[in-house]
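K.L.:
Structure for this input, please:
(2 chains)
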Protein chains: 2
Amino acid sequence: MSGRLTVIGLGPGSSALLAPMALSCLVQAGAVVGYDRYMELVDPDLLKGKTLFSSPMKKEMERTAKAVEFALAGLDTVVVSSGDSGIYGMAGLVLEYLEREELLDTVELEVVPGIPALCAAAALLGAPLMHDFASISLSDLLTPLPTIMKRIRCAVEGDFVIALYNPKSRKRDSYLGQALAIATEHRGASTPVGFVRNAYRPDQDVRVATLGTCDPEWADMLTTVIIGNSASRLAGKKILTPRGYFEKYG
Amino acid sequence: MSGRLTVIGLGPGSSALLAPMALSCLVQAGAVVGYDRYMELVDPDLLKGKTLFSSPMKKEMERTAKAVEFALAGLDTVVVSSGDSGIYGMAGLVLEYLEREELLDTVELEVVPGIPALCAAAALLGAPLMHDFASISLSDLLTPLPTIMKRIRCAVEGDFVIALYNPKSRKRDSYLGQALAIATEHRGASTPVGFVRNAYRPDQDVRVATLGTCDPEWADMLTTVIIGNSASRLAGKKILTPRGYFEKYG
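P.N.:
Just a heads-up that it's a prediction; the model follows:
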């Protein structure tokens, strides 16, 4: 008899933003699996006495196999992602693994939603996402660079607010600059842009600027970048994308 | 001396998905303001003995003015949205109001993030959002219909997974059908699509289908619709948008 297999999102990392449903999964778990940096975001008391498995970045397949192995052995198993596990997180890989191993009817997968990085970043920046938006990862580990840049152009063409995940890594130093240049060309240098690193963690860093004044060097792999649309503006030190209430009702 | 003014997201509505930070704001609040249907999602015990103001849909301006009035009177005031207050919620309107009334330096606005409807819907559908996605509201109260449809086309062109908010109202009966038709034309009838109504509430309704077999009539104003991208597929009864781990590492 297999145990439960649950993929949860920790939210930004602060326990104040961890949903009670996800906390309860951790409390009840017999096994917890995750990327080593995310495991450090979990209260150590919650992990005591449990079967644990963590591994570094790019070992997602290994962690997935281990989690399924634990569940098949009868352990209630929780896989942790940061943010929401359904946005560039582990939910998809675990589901795909169960499909490939023909275990969809054997191991029941539950996904528990969490607060994604784009919402955490937006809250700290003010209200940049208030209108239609696109979320794009600049990581080309699994997505060809031309596809990523085409999406940037389509998002700009549709005047979406744009949230950029994984804006930079040691090997990818120029993509964020390229993306910001495409946005600047279409929206102008006065368009607001926000950089949020380690939202709601002790070393949180929040920067509000414009496309003309920002520096791609502010970003690293832990930063979420939000580019305003054609209507976005600075309101004091915050970014505002108005929905149009004042034009209609004001 | 003005009180704190905080805009929070309740998440989907279940207390199990309300972040402790948002709960703590409600506990400490002297005044709570919200759309009447969302106020019903708050535990009544949390509202006892507090100054309350709720009003129907389209009275957002009135609620905003009232919340600022409460804060200026010295009350710690919380404005509630469902989901995340930064995604089609109240954060932007409150910030814009403070800007217009030149109160940005007088009343400090804090936004507390929540689990947005698109994450709640995705979790119940499996893992549809795993790749780059666009969020589009089909409400034309504040956005012209041609802009909305242009965004649908740009999102399809960029092969984004698409999350549709406000897919339908009594007055807008045909937009969802139009959006689904545009997606079908480009992605084919076998593309998975999910309809989630009242996620994590007692009358939750989750439907997984394809563009060829779904019925726009399944949606109402409380439904979130998620359309897969060109790589999305059904995995058992769930929707999976693979990121490509198996192609690269499998």
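K.L.:
What residues sit buried inside the lowest-mean-pLDDT helix or strand in chain A?
P.N.:
Among the helices and strands of chain A, helix A:245-249 carries the lowest confidence by mean pLDDT, DSSP states H and E, at a mean of 72. In terms of neighbour count (16 or more other CB atoms under 10 Å in any protein chain shown), helix A:245-249 has its buried residues at A:Tyr245. Just so you know, the C-beta spots here come from the backbone N, C-alpha and C atoms, and that holds for glycine as well.
K.L.:
contacting residues around that helix?
P.N.:
With contact meaning CB atoms under 8 Å, 6 or more residues apart in numbering or on different chains, helix A:245-249 is reached by B:Glu60, B:Met61, B:Leu93, B:Glu96, B:Arg100, B:Leu141, B:Leu142.
K.L.:
same deal with stretch A:143-158?
P.N.:
By CB under 8 Å, 6+ apart, the list of residues contacting stretch A:143-158 from outside reads A:132, A:134, A:136-138, A:140, A:162, A:175, A:178-179, A:182-183, A:186-187, B:131-132, B:134, B:150-151, B:153-155, B:157-160, B:243-244.
K.L.:
Looking at it now, give me its mean pLDDT.
P.N.:
Stretch A:143-158 shows a mean pLDDT of 96.
K.L.:
Against chain B, how distant is the residue nearest the centre of chain A?
P.N.:
Closest residue to the average C-alpha location of chain A: A:Ala117 at 4.4 Å, with CA atoms, centre = their mean. For A:Ala117, the distance to chain B (CB to the nearest CB, to the nearest Å) stands at 10 Å.
K.L.:
That residue touches A:Arg201, doesn't it?
P.N.:
No - contact between A:Ala117 and A:Arg201 fails when scored by CB atoms under 8 Å: they sit 11.3 Å apart.
K.L.:
which residues are common contacts for these two?
P.N.:
A:Pro12.
K.L.:
picking up where we left off before, distance to chain A added to the contacts of helix A:245-249, as JSON lines?
P.N.:
JSON lines is the format used below for the contacts of helix A:245-249 (distance: CB to the nearest CB, whole Å):
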{"residue": "B:Glu60", "distance to chain A": "6"}
{"residue": "B:Met61", "distance to chain A": "5"}
{"residue": "B:Leu93", "distance to chain A": "5"}
{"residue": "B:Glu96", "distance to chain A": "5"}
{"residue": "B:Arg100", "distance to chain A": "7"}
{"residue": "B:Leu141", "distance to chain A": "8"}
{"residue": "B:Leu142", "distance to chain A": "4"}
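K.L.:
mind listing which of the residues you listed are in helices?
P.N.:
Among the contacts of helix A:245-249, the residues falling in helices (DSSP state H) are B:Glu60, B:Met61, B:Leu93, B:Glu96, B:Arg100.
K.L.:
Excluding covalently adjacent residues, which one is nearest to the fourth one?
P.N.:
If the residues on either side of it in the chain are set aside, B:Glu96 comes closest to A:Pro242, at 5.3 Å by CB to CB, 6 or more residues apart in numbering or on different chains.
K.L.:
Can you report how many residues lie near A:Ser85?
P.N.:
31 (other CB atoms under 10 Å in any protein chain shown).
K.L.:
and it, that one's in a strand?
P.N.:
No - going by DSSP: H, G, I helix; E, B strand; the rest coil, the assignment for A:Ser85 is coil, not a strand.
K.L.:
Distance of it relative to chain B?
P.N.:
Computed as CB to the nearest CB, the A:Ser85 to chain B distance reads 8 Å.
K.L.:
same deal with A:Thr213?
P.N.:
Counting by CB to the nearest CB, the gap from A:Thr213 to chain B is 20 Å.
K.L.:
One more: A:Thr77?
P.N.:
Noted for A:Thr77: a distance of 17 Å to chain B, by CB to the nearest CB.
K.L.:
what residue ranges in chain A score low on pLDDT?
P.N.:
Applying pLDDT under 70 to chain A picks out residues A:1, A:249-250.
K.L.:
Domain map for it?
P.N.:
A:5-115, A:118-240 (automatic domain parsing).
K.L.:
Show the end-to-end separation of the first one, please.
P.N.:
Length of domain A:5-115, first residue to last, CA to CA, to the nearest Å: 20 Å.
K.L.:
quick one, what contacts A:Trp56?
P.N.:
In this structure residue A:56 is Pro, not Trp. Listed by CB under 8 Å, 6+ apart, the contact set of A:Pro56 reads A:Tyr35, A:Asp36.
K.L.:
same thing but at 7 Å, please
P.N.:
Counting by CB atoms under 7 Å, 6 or more residues apart in numbering or on different chains, A:Pro56 makes contact with A:Asp36.
K.L.:
A:Met21 falls within a helix, correct?
P.N.:
Yes - according to three-state DSSP, A:Met21 belongs to a helix.
K.L.:
quick one: secondary structure of the nearest residue to it once chain neighbours are set aside?
P.N.:
Excluding the flanking residues, the one nearest A:Met21 by CB to CB, 6+ apart is B:Ala16, at 4.0 Å. Here B:Ala16 is helix, with the state taken from three-state DSSP.
K.L.:
tell me the phi and psi of A:Glu185?
P.N.:
The phi/psi pair for A:Glu185 (degrees, to the nearest 10) reads phi -60, psi -40.
K.L.:
Let me know how buried it is, in neighbour terms.
P.N.:
A:Glu185: 12 surrounding residues under other CB under 10 Å.
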